[in-house]
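Colleague: Build me a structure from this.
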Amino acid sequence: MYRGKLIIALLAALALAGCSTTRSLRSGEFLLRKNTVKVNEESFSASGLNSYLAQKPNSYLLGINPLLSVYNWAGDSESGFAGFLRRVGTPPVVYDPSKVEESIASMENHLRYIGYYGSTVESDVRVRGRKVYVTYYVTLGRRYEISTVEYEIPDYGTFRQDFQADIPNSEVKAGGILSEQSLEAEAERSARYLRNQGYYGFSRSFYAFEADTLARDGKARLKYSVLDYALGDDPASAREHKKFSIGDVAFTYPKELKIRPRVLENLNLLRPGQPYSEEAINTTYTRLTNVSMFNGVNVNVTPASEDQVDCNISLRASGLQGFKTNLEASVNSTGLIGISPQLSYFHKNIFHGGEVLNVGLKGNFQFKPNDNVSSQEVSVTTSLRFPRFIGLPNHIFKGPYIPRTDVSLAYNYQNRPEYRRSVISSAFTYNGRLSERLFYQFSPARANISRIYDIDETFLNQFIDNVFMLEMFTDNFDLGVSGMLYYTTDASTIPSRPYHYARLSVDVAGNVLSLFNSVLPADPYFQDEHLIWGIPYAQYVRGELQLGKTFRFGPKDRQALALRFLAGAGYAYGNSMAPPLDKMFYCGGSTSMRGWQARTLGPGNDTSLAEFFVIPTQMGLMKLEANMEYRFPLFWKFEGATFVDVGNIWDYVEESEEESDAFVLKNLPESIGMNWGLGLRLNFDLILLRLDLGIRLHDPGRDAGDRWVAPNGWFKGSNMALHFGVGYPF
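Modeller: Residues are numbered from 1 along each chain as shown. This next block holds a predicted model:
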């Protein structure tokens with residue numbers, strides 16, 4: 001039944017995409033089908049001119065927006081379902097000849113702006129049936145190299161001296177190409193530099209450029225002038241450019257916002273009497289906006305005298321208290337349902353210093369309807385974030401990004417058919433930004449105490465001779481350090497621009513405790529292990545690297561191709577034969593291999609772990625994964641996606657009793673899992689709801705010779721998994 005409905009839906013979409021998009025055109029109207037821009041020089045990118053076309057055809061997935069067909073089919077009715085389709089659908093673009101002339105003028109103006117003087121654009125319009133194809137032929141104009149730059153700078157006070165000190169940084173130099181674009185950029189850059197030197201109110205309107213292009217050598221001689229009056233003003237209004245200093249600095253904020261004065265003093269870099277600097281103004285603004293209790297920050301600078309400005313910093317409070325909820329869910333064809341609800345309370349100013357308190361309750365419940373099989377996991381977390389680097393003086397951190405210190409405590413309870421487990425975790429963590437794009441997180445101290453009890457004897461006896469597996473299911477004490485570096489070109493929650501990122505995380509545990517092995521008691525069952533408080537301590541290293549890139553293209557950059565590569569490995573040594581359960585790798589779930597539910601893939605070709613656990617908990621010491629997802633708009637706020645995931649987890653050869661679960665290069669093609677899938681997303685900009693259906697293509701858990709899944713088996717049995725999530729998967 002499910003398979004039949006899906007096939008019918010796919011056929012309906014194809015039928016809609018194939019409908020004529022010219023059916024609703026009136027007499028004498030033509031559909032704009034395609035624009036083409038051709039430039040006479042191959043080195044010039046013609047795609048850079050597409051944004052200057054005044055009229056563009058609709059072009060989404062495969063060059064067709066299926067809703068165009070629905071729009072035409074809906075007719076002129078504004079009521080009922082047809083009216084809804086007209087409102088959310090995209091109407092066809094009717095060719096407008098005046099837009100061609102407008103496009104030509106826009107492209108010629110842009111070419112002149114970037115330094116191609118005398119460029120020409122001609123159009124060729126061709127009609128095929130009721131469709132129009134427009135080709136623009138661009139002939140680039142002449143470019144002028146700057147031969148000399150002559151400066152004319154006012155000579156009073158220290159202005160000329162300050163300006164000349166910045167000439168080596170100028171973007172307009174002899175040998176460069178003359179263009180309005182470069183001159184505007186230089187005026188903006190130089191004015192910003194002078195504002196940082198104390199010249200309050202200085203702007204690019206004080207700059208004037210004159211170019212002589214009639215020289216015999218065919219080059220341009222440039223005159224670079226700084227005026228005493230703004231362009232367009234009367235020269236009689238000329239005045240000297242003076243340096244300013246900071247006068248009074250005052251904060252204003254609502255009375256209900258309780259803030260300790262010392263906190264604002266540490267965040268503010270503006271001091272009475274110091275030279276005016278726009279950079280200091282902006283840095284103070286950024287530091288204040290980084291404190292979550294402020295919803296709005298405004299730094300108002302006003303002249304107080306001929307050489308002094310006053311600063312009034314007004315602050316608006318955000319919602320200081322509130323609740324957040326989240327929900328993730330998944331289901332596969334075997335009927336196993338997973339639900340993960342989350343509820344958290346936050347207070348953004350708990351001690352009147354911008355400290356953020358978070359208390360969270362999270363559950364993870366797996367079950368099969370009409371079956372006794374189930375598992376429950378509940379965790380309670382508490383964290384307190386301080387807007388400073390505890391342990392170091394505040395005056396060290398003068399940049400725009402303030403560091404933060406997190407102190408956290410958590411309790412996790414797991415009730416599975418095979419065992420029960422309790423984990424108490426705590427951490428002391430520094431986090432912040434080293435630059436606009438580089439983030440860090442460092443925990444010099446973190447600790448986990450794990451207790452496992454009520455272990456099912458049948459479950460335990462299955463690997464009674466496997467020391468590696470036994471150690472994973474014993475109590476342990478995990479004390480160590482961890483760190484993370486994250487580089488991204490777009491840190492927004494729902495990125496809408498092309499971006500790329502890299503994330504490296506490392507965990508190291510047990511090395512400090514190993515220094516005290518001589519005084520620590522030995523484990524009576526594993527003589528090579530030492531105990532602390534009667535529990536063996538964990539000793540291991542774990543690393544994980546993620547690389548991702550998202551390309552944007554199509555009309556308004558609404559289509560995207562997202563790529564991700566992930567590699568991770570953990571290794572136990574010294575006092576441990578296996579890392580703790582929480583530090584093992586797994587595959588599957590809404591953000592991983594979406595053809596499988598979480599923890600149901602691997603390791604390698606091995607299926608024995610699936611037999612050990614009633615609720616799948618398949619883990620490994622290594623992980624490799626690659627993901628590719630094509631995202632495209634549908635209608636209103638709905639987006640579609642199609643994706644491919646490739647990857648698996650493995651153990652090391654020396655830790656494995658069978659080669660099937662070990663990472664062996666010759667077996668890699670057979671042990672790699674692969675799935676494809678379709679996704680539907682509802683994008684509200686600030687939050688994105690996601691539904692993904694993953695379908696297995698290559699299942700390493702099947703018998704050899706039967707691992708590739710033919711199309712007639714895609715929608716059968718347990719070959720699919722459905723996931724609900726919040727936000728993009730990567």
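Colleague: Going by C-alpha atoms from here, please, whenever you check contacts or count neighbours.
Modeller: OK.
Colleague: contacting residues around Ser482?
Modeller: Phe442, Ser443, Pro444, Ala445, Arg446, Ser505, Val506, Asp507, Val508 (Cα atoms under 8 Å, 6 or more residues apart in numbering).
Colleague: quick one: which of those is most hemmed in?
Modeller: Per-residue neighbour counts (other Cα atoms under 10 Å) across those peak at Val508, which has 21 neighbours.
Colleague: next SSE after the helix or strand encompassing that one?
Modeller: Element membership for Val508 (DSSP states H and E) is strand 499-509. Helices and strands here follow DSSP H and E; after strand 499-509, the next one along the chain is helix 511-514.
Colleague: what helices or strands is that next one leaning on?
Modeller: Applying 3 or more Cα pairs under 8 Å, 6 or more residues apart in numbering; DSSP states H and E, we find helix 511-514 packed against strand 476-488.
Colleague: For the strand it packs on, what is the distance to the chain centroid?
Modeller: 21 Å (Cα atoms, centre = their mean, to the nearest Å).
Colleague: Helix, strand, or coil at the closest residue to Leu231 other than its chain neighbours?
Modeller: Excluding the flanking residues, the one nearest Leu231 by Cα to Cα, 6 or more residues apart in numbering is Ser205, at 5.5 Å. When classified by DSSP: H, G, I helix; E, B strand; the rest coil, Ser205 comes out as helix.
Colleague: ok, Ser205 - how many residues close by?
Modeller: Other residues lying near Ser205 total 17 when counted by other Cα under 10 Å.
Colleague: Leu515 now?
Modeller: Residues within reach of Leu515, counting by other Cα under 10 Å, total 10.
Colleague: same check, this time on Glu184
Modeller: 17.
Colleague: Distance of the closest residue to it other than its chain neighbours relative to Asp234?
Modeller: The spatially closest residue to Glu184, leaving aside those adjacent along the chain, is Arg204, at 7.8 Å (Cα to Cα, 6+ apart). In this view, Arg204 and Asp234 are 17 Å apart by Cα to Cα, to the nearest Å.
Colleague: Can you show me the strands along the stretch 201-350 of the chain?
Modeller: 207-212, 220-226, 245-252, 294-305, 308-317, 321-332, 337-347 (DSSP state E, counting those that start in this stretch).
Colleague: Export those strands to JSON lines and append columns for distance to Val39 and mean neighbour count.
Modeller: Converted to JSON lines, the strands of the stretch 201-350 of the chain look like this (distance: least, Cα to Cα, whole Å; neighbours: other Cα atoms under 10 Å):
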{"stretch": "strand 207-212", "distance to Val39": "27", "mean neighbour count": "16"}
{"stretch": "strand 220-226", "distance to Val39": "25", "mean neighbour count": "19"}
{"stretch": "strand 245-252", "distance to Val39": "53", "mean neighbour count": "17"}
{"stretch": "strand 294-305", "distance to Val39": "47", "mean neighbour count": "15"}
{"stretch": "strand 308-317", "distance to Val39": "52", "mean neighbour count": "19"}
{"stretch": "strand 321-332", "distance to Val39": "50", "mean neighbour count": "16"}
{"stretch": "strand 337-347", "distance to Val39": "55", "mean neighbour count": "18"}
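Colleague: Figure out which of these is closest to Gly647.
Modeller: Closest to Gly647 of the strands of the stretch 201-350 of the chain, according to Cα to Cα: strand 321-332, at 18.8 Å.
Colleague: Convert the closest one to CSV, retaining C-alpha atoms only.
Modeller: Extracted C-alpha coordinates of strand 321-332, given in CSV (Å, rounded to 0.1, in the frame of the first residue of the first chain):
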residue,chain,number,x,y,z
GLN,A,321,13.4,33.8,31.0
GLY,A,322,11.6,31.2,29.0
PHE,A,323,11.3,27.7,27.8
LYS,A,324,12.5,25.9,24.7
THR,A,325,11.2,22.7,23.2
ASN,A,326,12.5,20.3,20.5
LEU,A,327,11.3,17.0,19.0
GLU,A,328,13.0,14.5,16.8
ALA,A,329,11.4,11.2,15.6
SER,A,330,12.2,8.3,13.3
VAL,A,331,10.6,5.1,12.2
ASN,A,332,11.6,2.2,9.9
